[in-house]
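# Below is the sequence, then the predicted model.
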Amino acid sequence: MTSALAARNDLKGVQEPRVSSVPDYISSTGEEAIELCEMAGLYLDPWEQLVLSQALGETADKKWAAFQVGLMVSRQNGKGAILEARELAGLFLLKERLIIHSAHLFDTSLEAFRRLQALIEDTPDLSSRVKSISNAHGKEGIELHGGQRIRFRTRTKGGGRGFSSDCLILDEAMDIPDSVHGALLPTLSARENPQVWYTGSAVDQFNDEHGLVFSELRERGHKGDEPRLAWFEWSVDCDNPENVGDLVDAPEAWAQANPALGIRITPEYVQDESRALGRRRFAVERLGVGDWPQTNGLGEQLISPEMWNPLHDEHSKPVDPVCFCFDVSPDRSSSSISIAGKRDDGLGHVEVVERRRGTGWVAGRMKELVEAHQTNAVLCDGSGPAASLLGQMTDENIEVETVTAKEHGQACGRFYDAVEQGTLRHLDQAELNAAIRGAAQRPLGDAWAWSRKNATTDISPLVSCTLALWRALTNEGPSVYEDRELLVL
């Protein structure tokens, strides 16, 4: 041991996060949760207690102050214990009907299940309330006599669809594909007081292919102005792992990024790890210095709630003739049909007529709609996933106009104009609202179009509304968007 290291042998990890942002709350279930954990033999470090208490902060109406909770801390510090504490509280204190614990790897999910199972089975007051435990592969979970359940799942594109959960745990948050995030997040929508947790270490875009979701959450946490996001981050203050310099060899830096230093991680081990991993990897894995990918505007909505929400009119409806557009999500798990047209007062109207799983229903439903309305056009993106349904449309004698890339850019501009100028009305539909929130842009020449790849949810409702509105307004002259020559944001 070097003399410098020996002098700091009693150095303990910093218990306060370097970066934190917590919504205001007036009470917390944290103290009860901590007591429950101690009864089960799970004793939380001060930093773990802090995260749990603040994340379980409640407003005056007994709802979670934080809908989203993000925790970024280096590996082996003890974030798993926090998740176990949250899950014990959810099952035995909060009586949540369903908790979904999701991890990128099966082994990680299985290990989390076994740890929670052991805590419960070793505590008679808890095990007596257990109805059943499933150890079947892919169906690992625990159910209580009161109906509360927790399921442990490996993340897949369709995993979680069909469930309604009260608490969603997204462990290994460095690797959450956008499509999977879009499939899992709606599982919370039907619950009265839901909460979603994202826990992971720093993202290194060279190794973490799907780090955009966690990166976007971190950006919002660093801004510190999110009313429904709690963010906790243990890291050293450095913007790139290539720039850590002498921090690699500084025990004070190790303590800043590792709250469990001196508790379950020894300084000797960290020093050995720094030599074994190499400077860059050590900076990512142990100092929390990520090589964070650019989020391309994820989380910074092009169409803000302040622009979109006032355009809600629950009585809005278009008059014939109308335009229809169908669109399909990239993973083909769902499809949307939207309608657009003018109202009696001349304002534009957009509406998601139907959104369902799969694609097999689209042609038949479109035939019903065309027969029920005076229709100007039926459209789809000629280069998007919906183009594969053109043969089925032909079989139903439905003529479809395919939209080119250039026209798609024009359509996005016209949609944006209509929202900005207040000449559009919508029905405040959850699926369209979610697509607006999660939509991102992609460059298209000197214009832009909605990006399916970088979206945080299924944007087929937005794409279909956008193209239908463009076609319905095609004869009205050039878009203000085009006249202004607005650049890609």
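Now that the structure is in, tell me what you want to look at. Numbering: from 1, shown residues only.

# where does the stretch 201-350 of the chain have low pLDDT?
Filtered on pLDDT under 70, the stretch 201-350 of the chain yields the residue ranges 294-301.

# pLDDT wise, what is residue 76 at?
The confidence metric pLDDT takes the value 91 at residue 76.

# so it touches residue 265, yeah?
Yes - the pair residue 76 / residue 265 is scored as a contact, 6.3 Å apart, by CB atoms under 8 Å. For the C-beta atoms, the positions are set from N, CA and C on the backbone; glycine is no exception.

# before we move on, what SS does the spatially most central residue of the chain have?
By CA atoms, centre = their mean, the chain has its centre lying nearest to residue 181, at 4.8 Å. For residue 181, the secondary-structure state derived from DSSP: H, G, I helix; E, B strand; the rest coil is helix.

# so the closest residue to it other than its chain neighbours is in which element?
If the residues on either side of it in the chain are set aside, residue 181 comes closest to residue 213, at 5.0 Å by CB to CB, 6 or more residues apart in numbering. Element membership of residue 213, judged by DSSP states H and E, is helix 212-223.

# From the contact counts, what lies against that helix?
Helices and strands touching helix 212-223, by 3 or more CB pairs under 8 Å, 6 or more residues apart in numbering; DSSP states H and E, are strand 19-21, strand 68-72, helix 178-184, strand 195-200, strand 229-233.

# Next, format these as a markdown table and append distance to residue 412.
Formatted as a markdown table, the entries for those read as follows, by distance: least, CB to CB, whole Å:
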| stretch | distance to residue 412 |
| --- | --- |
| strand 19-21 | 32 |
| strand 68-72 | 28 |
| helix 178-184 | 19 |
| strand 195-200 | 29 |
| strand 229-233 | 28 |
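
# Which among those is found nearest to residue 32?
Between residue 32 and the helices and strands packed on helix 212-223, the shortest gap by CB to CB is with strand 195-200, which sits at 15.8 Å.

# how about the closest one as CSV, C-alpha atoms only?
Taking only C-alpha atoms (Å, rounded to 0.1, in the frame of the first residue of the first chain), the coordinates of strand 195-200 have been written out as CSV:
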residue,chain,number,x,y,z
GLN,A,195,-43.6,5.4,-10.1
VAL,A,196,-40.7,4.4,-12.4
TRP,A,197,-37.1,3.9,-11.2
TYR,A,198,-34.0,4.0,-13.5
THR,A,199,-30.8,2.7,-11.9
GLY,A,200,-27.4,2.3,-13.5
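
# List the pairing partners of that strand within its sheet, with orientation.
Sheet pairing of strand 195-200 (DSSP bridges) gives strand 68-72 (parallel), strand 167-171 (parallel).

# So if we follow the domain assignment, how does this protein break up?
Using automatic domain parsing, the domains assigned to the chain come out as 19-233, 305-484.

# export those domains to CSV and tack on distance to residue 278?
Output for these, formatted as CSV (distance: least, CB to CB, whole Å):
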stretch, distance to residue 278
domain 19-233, 13
domain 305-484, 31
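
# Least confident of these, on average?
Note on these: lowest mean pLDDT is at domain 305-484, with a mean of 88.

# Give me the buried positions along the helix holding residue 213.
Buried residues in helix 212-223, counted by 16 or more other CB atoms under 10 Å: 212-221.

# how many neighbours does the closest residue to residue 230 other than its chain neighbours have?
Once its chain neighbours are removed from consideration, residue 230 has its nearest residue in residue 66; the separation is 3.7 Å (CB to CB, 6+ apart). Residue 66 has 25 neighbouring residues, counting by other CB atoms under 10 Å.

# switch to numbering from 35
In the new numbering, first residue 35, that becomes residue 100.

# Touching, residue 100 and residue 58? I think so.
No - in this structure, residue 100 sits apart from residue 58 without contact. The criterion is CB under 8 Å, and the distance is 10.2 Å.

# Find residues that contact each of these two.
With contacts defined as CB atoms under 8 Å, 6 or more residues apart in numbering, the residues adjacent to both residue 100 and residue 58 are residue 91.

# which residues sit in contact with the residue nearest to residue 295 when sequence neighbours are not counted?
Closest residue in space to residue 295, ignoring its immediate chain neighbours: residue 47 at 3.7 Å, by CB to CB, 6+ apart. By CB under 8 Å, 6+ apart, the contact set of residue 47 is 81, 111, 288-289, 292-297, 299.

# got JSON lines for those, with neighbour count and distance to residue 220 too?
As requested, the contacts of residue 47 are exported to JSON lines (neighbours: other CB atoms under 10 Å; distance: CB to CB, whole Å):
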{"residue": "81", "neighbour count": "22", "distance to residue 220": "32"}
{"residue": "111", "neighbour count": "26", "distance to residue 220": "31"}
{"residue": "288", "neighbour count": "28", "distance to residue 220": "40"}
{"residue": "289", "neighbour count": "21", "distance to residue 220": "40"}
{"residue": "292", "neighbour count": "29", "distance to residue 220": "35"}
{"residue": "293", "neighbour count": "27", "distance to residue 220": "33"}
{"residue": "294", "neighbour count": "21", "distance to residue 220": "35"}
{"residue": "295", "neighbour count": "24", "distance to residue 220": "39"}
{"residue": "296", "neighbour count": "18", "distance to residue 220": "42"}
{"residue": "297", "neighbour count": "16", "distance to residue 220": "38"}
{"residue": "299", "neighbour count": "21", "distance to residue 220": "38"}
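
# how about the residues you listed, which pair is most distant?
Using CB to CB, the pair of these lying farthest apart is 81 and 288, separated by 14.7 Å.

# Report the separation between the residue nearest to residue 215 and residue 253.
Look at residue 247 and residue 253: by CB to CB, to the nearest Å, they are 11 Å apart.

# quick revisit: A helix includes the residue nearest to residue 264, no?
No - remark: residue 100 does not belong to a helix; assigned using three-state DSSP, it is coil.

# Please, which helix or strand holds residue 452?
When secondary structure is defined using DSSP H and E, the element that contains residue 452 is helix 439-455.

# Now do that helix: which elements does it pack against?
Under the contact criterion of 3+ CB pairs under 8 Å, 6+ apart, the helices and strands touching helix 439-455 comprise helix 339-342, strand 474-478, strand 481-485, helix 494-506, helix 514-518.

# Against which helices or strands is the fourth one packed?
In other words, helix 494-506. strand 356-362, strand 368-376, strand 382-391, strand 409-415, strand 435-437, helix 439-455, helix 464-472, strand 481-485.

# and it with helix 464-472, angle?
Direction vectors for helix 494-506 and helix 464-472, defined by axes from the mean of the first three to the mean of the last three CA atoms, to 10 degrees, enclose an angle of 90 degrees.

# burial measure for residue 153, as a count.
Count around residue 153 with other CB under 10 Å applied: 20.

# gap between it and residue 164?
Taking CB to CB, one finds residue 153 at 12 Å from residue 164.

# With residue 110 instead?
Look at residue 110 and residue 164: by CB to CB, they are 29 Å apart.

# Ok, residue 444 next?
For residue 444, the distance to residue 164 under the criterion CB to CB works out to 59 Å.

# more neighbours, these two?
Summary of the neighbour comparison: residue 444 and residue 164, criterion other CB under 10 Å, with residue 444 having more neighbours (21 against 16).

# which stretches of the stretch 135-284 of the chain form strands?
164-168, 175-178, 183-188, 201-205, 229-234, 263-267 (DSSP state E, counting those that start in this stretch).

# Pull the distance from the last one to the chain's centre.
Distance, stretch centre to chain centre, for strand 263-267: 14 Å (CA atoms, centre = their mean, to the nearest Å).

# That one: what's the following helix or strand?
Remark: after strand 263-267, the chain's next helix or strand is helix 285-291, criterion DSSP H and E.

# Please identify the buried residues of that following helix?
Within helix 285-291, the residues that qualify as buried by neighbour count (16+ other CB under 10 Å) are 285, 287-291.
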